[in-house]
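A.B. asks: Test case, fold it:
(one chain, ligands or ions: 1)
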Amino acid sequence: MEHILSAEQFDRKTIEEIFTVADTFPKSGETPLSGKILASLFYEPSTRTRLSFESAMLRQGGGVISVENANDSSSAIKGETLEDTIRVVHHYADIIVLRHPERGAAARAAAVSQVPVINAGDGAGQHPTQALLDLYTIRHEIGKIDGIRIACVGDLRNGRTVHSLLGLLTHYDDVSVTLISPETLRIGDDIRATLTEHHVMFEEMTAWDGVLEKADVIYQTRIQKERFGSAEEYEKAKGTYVLTQKEAARMKKGAIIMHPLPRVDEIAPEVDALPQAVYFKQAGYGLLVRMALLQRLLG
Ligand code: CP
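C.D. replies: Below is the predicted model:
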């Protein structure tokens with residue numbers, strides 16, 4: 001049994017193995033997960049993660065049981081703990097995909113689960129499968145991961161996709177990272193320490209001038225309203241970095257714009273039609289990567 005809890009547990013060999021399998025999809029008519037059941041337990045909203053995991057299971061012949069809005073529609077509302085819920089659900093499914101608002105919730109679930117638990121986002125902690133699909137996107141759209149220059153922009157304090165992506169990038173050579181955020185939304189000390197420990201070159205800035213022109217990847221993120229203590233703090237931070245056609249025109253040839261989605265206003269809709277905009281394609285790659293991951297864990 002293998003739980004997927006954090007980007008830190010992956011090494012380069014495992015990442016490449018998952019990508020090699022993802023490259024083989026779609027395969028028609030193959031059902032390697034026939035007879036297996038995936039339970040998706042989502043205590044926070046989701047479009048991409050839940051639906052792509054469920055699609056990945058169904059496309060490989062498996063079945064799905066699902067609770068969305070679990071805080072209100074499961075027995076959590078009667079006071080059942082996460083641990084007790086997992087102790088029940090692991091009898092019904094071969095794998096559990098869990099999203100929860102609390103950092104560390106997936107690890108708590110894994111500690112009592114008899115089947116693999118996949119962390120589909122734990123508060124402002126980690127989102128490791130998003131990071132895998134982000135890396136897969138870079139590999140496909142840029143053609144390489146070693147040597148890339150990436151700028152992560154926005155709410156880096158709360159953005160769990162950035163936390164996990166930076167963790168995976170530590171396995172690649174000569175990667176250069178620029179972290180662009182308002183002063184109040186800087187990345188946490190834990191992630192900074194990880195980058196330092198792995199000798200990843202990084203700098204922190206509050207403006208993207210001079211970075212847009214040099215980066216291979218602009219990884220734009222949403223200011224996460226739901227994680228702010230006060231509406232006032234959110235109002236101050238929102239709209240700090242809005243990528244329009246004007247900013248896109250400053251990007252170097254071949255550079256791409258990524259976003260884990262959903263977006264609010266940080267990428268103008270006019271950018272969607274530009275060749276640099278790969279964020280919807282990125283969401284599509286998520287299906288292939290999650291198909292490969294499920295095959296690895298259950299196949
Ligand atoms: N990127 C991402 O996690 O999207 P959802 O919240 O829609 O799952």
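
A.B. asks: which residue is nearest the centroid of the protein?
C.D. replies: Nearest to the mean C-alpha position of the chain, by C-alpha atoms, centre = their mean, lies Q130 at 2.3 Å.

A.B. asks: close enough to count as contact, that one and H259?
C.D. replies: No: the pair Q130 / H259 is not scored as a contact, 11.1 Å apart, by C-beta atoms under 8 Å. C-betas here are computed from N, CA, C, even on glycine.

A.B. asks: Look at the residue in the stretch 151-299 of the chain positioned nearest to the ligand and tell me its secondary structure.
C.D. replies: Here the residue of the stretch 151-299 of the chain nearest the ligand is P260; by C-beta to the nearest ligand atom that distance is 3.8 Å. With DSSP: H, G, I helix; E, B strand; the rest coil as the basis, P260 sits in coil.

A.B. asks: Let me know how buried it is, in neighbour terms.
C.D. replies: By the criterion of other C-beta atoms under 10 Å, P260 has 27 neighbours.

A.B. asks: With V278 as the reference, measure out to it.
C.D. replies: As for P260, its distance to V278 is 12 Å (criterion: C-beta to C-beta, to the nearest Å).

A.B. asks: repeat for H91
C.D. replies: 41 Å.

A.B. asks: Of these two, give the one with the bigger neighbour count.
C.D. replies: Ranked by neighbour count (other C-beta under 10 Å), H91 and V278 place V278 first, with 21 against 8.

A.B. asks: show me where pLDDT drops low in the chain?
C.D. replies: Applying pLDDT under 70 to the chain flags the ranges 1.

A.B. asks: phi, psi of the residue located most distally from the centre of it?
C.D. replies: Centroid-distance maximum for the chain: K78 at 30.5 Å, with C-alpha atoms, centre = their mean. With angles defined as degrees, to the nearest 10, K78 sits at phi -90, psi 0.

A.B. asks: Same check on L169?
C.D. replies: Backbone phi and psi, for L169 under degrees, to the nearest 10, turn out to be phi -70, psi -20.

A.B. asks: same check, this time on I77
C.D. replies: phi -70, psi -20.

A.B. asks: Just give me how far stretch 288-299 sits from the chain centre.
C.D. replies: With C-alpha atoms, centre = their mean, to the nearest Å as the basis, stretch 288-299 stands 16 Å off its chain's centre.

A.B. asks: Next, the residues that contact that stretch from outside, please.
C.D. replies: 2, 4, 17-19, 21-23, 25-26, 32-33, 36, 38, 52-53, 56-57, 59-60, 62, 94-95, 116, 118, 129, 132-133, 136 (C-beta atoms under 8 Å, 6 or more residues apart in numbering).

A.B. asks: Please check those residues and keep the buried ones.
C.D. replies: Using 16 or more other C-beta atoms under 10 Å as the burial test, the contacts of stretch 288-299 include 4, 18-19, 21-22, 25, 33, 36, 38, 52-53, 56-57, 59-60, 62, 94-95, 116, 118, 129, 132-133, 136 as buried.

A.B. asks: Next step: the residues you listed restricted to strands.
C.D. replies: Of the positions in those, L38, I95, I118 sit in strands, assigned by DSSP state E.

A.B. asks: tell me which parts of the stretch 151-299 of the chain are close to the ligand?
C.D. replies: Selection of the stretch 151-299 of the chain residues close to the ligand by C-beta under 6 Å from any ligand atom yields P260, L261, P262.

A.B. asks: Just name the closest of those to I86, please.
C.D. replies: Of all these, P260 has the smallest distance to I86: 25.8 Å, by C-beta to C-beta.

A.B. asks: S74 contacts E68, doesn't it?
C.D. replies: No: under the criterion of C-beta under 8 Å, S74 is not in contact with E68, lying 9.5 Å apart.

A.B. asks: any chance you could map the strands in this protein?
C.D. replies: Using DSSP E, strands in the chain cover 37-42, 63-67, 95-100, 117-122, 149-153, 176-180, 201-205, 217-220, 256-258.

A.B. asks: Find the closest residue to the ligand in the stretch 51-200 of the chain.
C.D. replies: With C-beta to the nearest ligand atom, the shortest gap between the stretch 51-200 of the chain and the ligand falls at Q130, namely 5.2 Å.

A.B. asks: so what's that residue closest to, chain neighbours aside?
C.D. replies: Closest residue to Q130 apart from its sequence neighbours, by C-beta to C-beta, 6 or more residues apart in numbering: T161 at 4.6 Å.

A.B. asks: Tell me, how many residues neighbour the one you found?
C.D. replies: Residues lying near T161 (other C-beta under 10 Å) number 24.
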